[in-house]
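Enquirer: okay, predicted coordinates and the sequence, questions at the end:
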Number of protein chains: 2
Amino acid sequence: MTDTEKGFRLGRRGFIASSVALGSVAPLAEQAFGAQTPVIHQPGILTPQQPFAYFITFDVATTKREELVSLLKKWTEAADALMAGKSVEGLVDSGEIAGLKDRDLTITIGFGPTLFVKDGKDRFGLQAHRTPAMADLPRFTGDQLVDARSGGDLCVQCCANDPQTTLHASRALTRLAYNIANPRWAQAGFLPSFGKGKTPRNLMGFKDGTINPDTKNPASADRYIWAAQSDLPWMQGGSYLVSRIIRIALEHWDRTPVSFQEETMGREKLSGAPIGGRDEFEPLTLTQKDRDGNLVTVQNSHARLAAPEENGGAQILRRAYSYDNGLSFTAERWPPWRQGMEMDAGLLFMSWQQDPRNAFVKIFENMSKFDMMNQYTTHIGGGLFACPGRKEGGYIGQALMEA
Amino acid sequence: MTDTEKGFRLGRRGFIASSVALGSVAPLAEQAFGAQTPVIHQPGILTPQQPFAYFITFDVATTKREELVSLLKKWTEAADALMAGKSVEGLVDSGEIAGLKDRDLTITIGFGPTLFVKDGKDRFGLQAHRTPAMADLPRFTGDQLVDARSGGDLCVQCCANDPQTTLHASRALTRLAYNIANPRWAQAGFLPSFGKGKTPRNLMGFKDGTINPDTKNPASADRYIWAAQSDLPWMQGGSYLVSRIIRIALEHWDRTPVSFQEETMGREKLSGAPIGGRDEFEPLTLTQKDRDGNLVTVQNSHARLAAPEENGGAQILRRAYSYDNGLSFTAERWPPWRQGMEMDAGLLFMSWQQDPRNAFVKIFENMSKFDMMNQYTTHIGGGLFACPGRKEGGYIGQALMEA
């Protein structure tokens, strides 16, 4: 976690206006919030990935703007308290993590496009403040998004060292929202404990997240992750989340020879190295050819299609988790061509970016059409959310609600 | 983990016939398997609880006895390999935990009543060997068991330090079972990392498992957990699992004052002490009365109804996990009396015992009728499974299949 994020978590007293994390947004932030009140980023974005996540979205039930504001204030206070390991004002703690040390909890709150306008209706007078970057995602080739697991007016991402800690935080925020915002869908995620700094493997058995913007480099974070200076003032210091529940056809994948898995991925399975390379962090072998003149990293491989070099430099910060929803009835399109109960498991894809139009949308437009991996993956849910920065002492979304 | 269980996990080379864990079953075991071949217990029963579990059951699809035997052999070999961190013969590893250290994996395999007789049919010539202890569980008051999440001919419990490790093991065993046994239902579980030796809290916020038979005392384990000497020879060294998915009405619970929660539980929430006591491990205050002559631990409290003193000494080994299945649509019977999406979460109850008739069934018969906690809990799935001991070098279930 960066110093600024630590500062965020400690609240007022611990706040340090670190120039590293604030980077170049401070001047505009001052414009948005007034001088002397720098914008702080929400945690759970640049924070080194904790092993567990609980992602939940809400439909706002109230039609009253002041009740929405009141909820955002309560949530902000509660998030600060929970991250500091303290009790939440107005709630008797549910107790399931009482006495638990080393929680490393972060809570990240965001706004979906439907908060701004829904069914053509400007619900809370926010329509004019919907940022251009929040344009509806197009329907991509192969999308099978289920309404019950997609969208939401608000989102909360809780990440921690422990699944009971993420659930506890989500439960508290859900309680605070009773009658104001109703839970819509939720998805828990996990990572194996490969150790800090190691790229985790996803359920396909490949390392996931090797190519990510350098989160320790403020210039890189400002360029790829934090909202642009030209974005609306309320979104300064914020980041856009594109989340997707991606089911993996594990039976089919497991029956695919590793050599073809590697060709599909464009990387070697065990080392994570590019095809023909040795080290995970070597540049991709995008131009190298074999003796017969064929590209060693094939044209429609996942790694090639995702590479910045193939997308005009576009980058997203992948902060994904594995998910497991037990078994579900599935009619497979692929070998072993059978229907029955199968593991409903895959990837809780969480991508953070400056502007989805130049990032997820740009990258995934090609991938959704050409990626060999699509044979094994199905996008079944997800959403787009704006997770703004915040003024120290203010509440999350204040600059939006007061814009 | 006991020495014997470690020995089990290391396989042939590491096996030590510890008199502690074998206890008094050895003589009968010899009778069952022949002299010089002591029975070893399966791990995952006495093993100190790892923080993650994946429990999956299967319907046997084949009608051929030799294919069932072949599967049990493959599963035994695979379980040994996986627990030793080795690759499984005949399977290309799916790779998602490659390089992961400190897995602490245990795999426990069991047989459901339907393996012995199903719809009146003796499928594999095993009907005569169904033990009396495997009598069908009665339908308890309040049971709302859903067929799709109940029963199964076979069960596999994988426990480990990591959810990806438990999933990896289940996935490998599922692959080995293709066309022979089909997955029926699965439920993942987790525990917060309170630290070794501390009683974990469940989602009700109370410590869960304070009163358990002493697993370090061989006489206690022989009396309460391992099959009786008078049980059938193939079940020697084994234990019976009663598993239940218990959904908790978290919204309702959270709206109940802590004082009433404590009365319901028969314990204090933070300390876990009996009502009026100070320490978690003090004896329950079953006879103490307050100034007005009322019992301090009320008649229908959970702790009282579960206490050995109230059940003729009956005891089970609780080795339960929290579960979280995201949100589901629920029409609540209790405040806040609303219908909508709620957290589908609760307890993956796993109880181990010598004989369910004198243990779970005896204890739960009263509890299902009178426990104040039933207002908050609903049993929605589960099953009964016999998890036999095993001869070193043999396969799990060999004594049954050769009986």
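Expert: Arrived safely. Numbers count the residues shown, from 1 in each chain, chains lettered A, B, ... in the order given.
Enquirer: which helices and strands sit right next to the longest helix that chain A contains?
Expert: In chain A, with assignment by DSSP state H, the single longest helix is helix A:65-83. Counting contacts by 3 or more Cβ pairs under 8 Å, 6 or more residues apart in numbering or on different chains; DSSP states H and E, helix A:65-83 is packed against helix A:3-10, strand A:106-111, helix A:163-176, helix A:398-401. For the C-beta atoms, the positions are set from N, CA and C on the backbone; glycine is no exception.
Enquirer: how about the residues of the stretch 1-150 of chain A near chain B?
Expert: Applying Cβ under 8 Å from any Cβ of the partner chain, we find that the stretch 1-150 of chain A lies next to chain B at A:54, A:56, A:92-102.
Enquirer: drop anything exposed from the residues you listed.
Expert: Taking 16 or more other Cβ atoms under 10 Å in any protein chain shown as the criterion, what is buried in these is A:Y54, A:I56, A:V92, A:D93, A:S94, A:G95, A:E96, A:I97, A:A98, A:L100.
Enquirer: among these, which lie within strands?
Expert: A:Y54, A:I56 (DSSP state E).
Enquirer: so what does the nearest residue to A:L295 once chain neighbours are set aside look like in phi/psi?
Expert: Once flanking residues are discounted, A:L295 sits nearest to A:K289: 5.7 Å by Cβ to Cβ, 6 or more residues apart in numbering or on different chains. A:K289 has phi and psi values of phi -120, psi 160 when expressed as degrees, to the nearest 10.
Enquirer: and the gap between A:K289 and A:F206?
Expert: Distance, A:K289 to A:F206, by Cβ to Cβ, to the nearest Å: 23 Å.
Enquirer: more neighbours, those two?
Expert: When A:K289 and A:F206 are compared for neighbours, A:F206 comes out ahead with 25 against 12, by other Cβ atoms under 10 Å in any protein chain shown.
Enquirer: among the buried ones among the residues of the stretch 1-150 of chain A next to chain B, which two are most distant?
Expert: Greatest spacing in those, by Cβ to Cβ: A:I56 and A:A98 (22.0 Å).
Enquirer: can I get the CA coordinates of stretch A:275-293 in CSV?
Expert: Written as CSV, here are the backbone C-alpha positions of stretch A:275-293 (Å, rounded to 0.1, in the frame of the first residue of the first chain):
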residue,chain,number,x,y,z
ILE,A,275,7.0,-18.1,-26.3
GLY,A,276,10.7,-18.9,-27.0
GLY,A,277,11.8,-16.7,-24.0
ARG,A,278,13.1,-17.7,-20.6
ASP,A,279,11.9,-15.1,-18.1
GLU,A,280,8.4,-14.0,-17.2
PHE,A,281,9.3,-10.3,-17.6
GLU,A,282,11.1,-10.5,-20.9
PRO,A,283,9.4,-8.5,-23.7
LEU,A,284,6.8,-10.5,-25.7
THR,A,285,8.3,-12.2,-28.8
LEU,A,286,5.9,-10.3,-31.1
THR,A,287,8.1,-10.1,-34.2
GLN,A,288,10.3,-13.3,-33.8
LYS,A,289,9.7,-16.0,-36.4
ASP,A,290,10.6,-19.7,-36.4
ARG,A,291,12.6,-21.4,-39.1
ASP,A,292,9.6,-21.8,-41.3
GLY,A,293,8.9,-18.1,-41.1
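Enquirer: what does it contact?
Expert: With contacts defined as Cβ atoms under 8 Å, 6 or more residues apart in numbering or on different chains, stretch A:275-293 is touched by A:199, A:207, A:210-211, A:262-263, A:266-268, A:271-274, A:295-297, A:301, A:303-304, A:307, A:309-310.
Enquirer: in it, what's buried?
Expert: Using 16+ other Cβ under 10 Å as the test for burial, stretch A:275-293 gives A:I275, A:G277, A:E280, A:L284, A:T285, A:L286.
Enquirer: pLDDT of it, averaged?
Expert: What stretch A:275-293 shows for mean pLDDT is 95.
Enquirer: now it, how far from the centre of its chain.
Expert: Offset of stretch A:275-293 from its chain centre (Cα atoms, centre = their mean, to the nearest Å): 30 Å.
Enquirer: which residues touch the residue nearest to A:T165 when sequence neighbours are not counted?
Expert: Nearest residue to A:T165, sequence neighbours excluded (Cβ to Cβ, 6+ apart): A:R103, at 4.8 Å. By Cβ under 8 Å, 6+ apart, A:R103 lies in contact with A:G85, A:I97, A:A160, A:N161, A:D162, A:T165.
Enquirer: for PyMOL, write the selection for the buried entries among those.
Expert: Buried subset of the contacts of A:R103, written as a PyMOL selection, criterion 16+ other Cβ under 10 Å:
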select buried, chain A and resi 97+160+161+162+165
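Enquirer: I'd say A:F190 and A:A320 touch.
Expert: No - using Cβ atoms under 8 Å, A:F190 is not in contact with A:A320; the gap is 10.9 Å.
Enquirer: give me the mean pLDDT for stretch A:133-141.
Expert: 97.
Enquirer: and that stretch, how far apart are its ends?
Expert: 21 Å (Cα to Cα, to the nearest Å).
Enquirer: ok so, going back, just the buried ones from the contacts of stretch A:275-293?
Expert: Those of the contacts of stretch A:275-293 that meet the buried threshold are A:199, A:207, A:210-211, A:262-263, A:266-268, A:272-274, A:295-297, A:301, A:303-304, A:307, A:310, by 16+ other Cβ under 10 Å.
Enquirer: these in helices, which ones?
Expert: A:E262, A:E263, A:A303, A:R304.
Enquirer: in the stretch 1-150 of chain A, which residue sits nearest chain B?
Expert: In the stretch 1-150 of chain A, the residue that lies nearest chain B is A:G95 (2.5 Å; Cβ to the nearest Cβ).
Enquirer: ok, for A:R223, nearest residue in space, not its chain neighbours?
Expert: Nearest residue to A:R223, sequence neighbours excluded (Cβ to Cβ, 6+ apart): A:Q354, at 7.1 Å.
Enquirer: and that neighbour, how many neighbours?
Expert: 25.
Enquirer: likewise for the one 5 residues further on?
Expert: As a burial measure, the neighbour count of A:A359 was computed by other Cβ under 10 Å and equals 23.
Enquirer: burial of the residue lying closest to it once chain neighbours are set aside, as a residue count?
Expert: Excluding its sequence neighbours, the residue lying closest to A:A359 (Cβ to Cβ, 6+ apart) is A:Q353, at 3.6 Å. Residues near A:Q353, counting by other Cβ under 10 Å, number 26.
Enquirer: ditto for the one 5 residues further on
Expert: The local packing count at A:N358 equals 19, with neighbours defined by other Cβ under 10 Å.
Enquirer: repeat that for A:G340.
Expert: 16.
Enquirer: can you pull the contacts of the residue in the stretch 101-250 of chain A positioned nearest to chain B?
Expert: Residue nearest to chain B within the stretch 101-250 of chain A: A:G205 (2.5 Å; Cβ to the nearest Cβ). Residues in contact with A:G205 (Cβ under 8 Å, 6+ apart) are A:Q261, A:K269, B:D93, B:S94, B:G95, B:E96, B:A98.
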